[in-house]
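J.: Fold the following for me, if possible:
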Amino acid sequence: MTQVMFNNIYGKWVVHGLNFGDINNLNLLLVEKMSNIDMRKDAFAMTPLLF
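T.: A predicted model of the protein is given here:
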């Protein structure tokens, strides 16, 4: 995703209609999703495995 944002800002690979506000919103969404994944991983690591 970082590569997409970098290329869009510097015009190497432009996603038409994507502006700085859109990039910021994408970044916030990705941060939220990654945080959710980290929380799930932590919860899974704390759950004892039952046999």
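J.: biggest helix in the protein by residues?
T.: Identified as the longest helix of the chain according to DSSP state H is helix 20-46.
J.: What helices and strands are in contact with it?
T.: helix 2-9 (3 or more CB pairs under 8 Å, 6 or more residues apart in numbering; DSSP states H and E). Where C-beta positions appear, they are placed from N, C-alpha and C, glycine not excepted.
J.: ok so, going back, what comes up buried for the longest helix of the chain?
T.: Within helix 20-46, the residues that count as buried by 16 or more other CB atoms under 10 Å are 23, 26.
J.: For the chain, give me the ranges with low pLDDT.
T.: Counting by pLDDT under 70, the chain shows low-confidence ranges at 1-16, 49, 51.
J.: Try it again at 50.
T.: In the prediction, the chain carries no residues with pLDDT under 50.
J.: Look up how far residue 37 lies from residue 47.
T.: Distance, residue 47 to residue 37, by CB to CB, to the nearest Å: 16 Å.
J.: Over to residue 26?
T.: For residue 26 relative to residue 37 (CB to CB), the value is 16 Å.
J.: just residue 28 next, same as before
T.: Counting by CB to CB, the gap from residue 28 to residue 37 is 15 Å.
J.: what does residue 20 give?
T.: Taken as CB to CB, the span from residue 20 to residue 37 is 26 Å.
J.: could I have stretch 36-50 exported to CSV, CA atoms only?
T.: What follows is stretch 36-50, C-alpha atoms only, in CSV (Å, rounded to 0.1, in the frame of the first residue of the first chain):
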residue,chain,number,x,y,z
ASN,A,36,-7.8,-5.4,14.6
ILE,A,37,-5.6,-8.2,13.2
ASP,A,38,-3.0,-7.6,16.0
MET,A,39,-5.7,-7.8,18.7
ARG,A,40,-7.0,-11.1,17.2
LYS,A,41,-3.5,-12.5,17.1
ASP,A,42,-2.9,-11.5,20.8
ALA,A,43,-6.3,-13.0,21.8
PHE,A,44,-5.4,-16.2,20.0
ALA,A,45,-2.0,-16.4,21.6
MET,A,46,-3.6,-16.1,25.1
THR,A,47,-6.2,-18.8,24.5
PRO,A,48,-5.0,-22.1,25.8
LEU,A,49,-5.2,-25.0,23.4
LEU,A,50,-7.5,-27.8,24.6
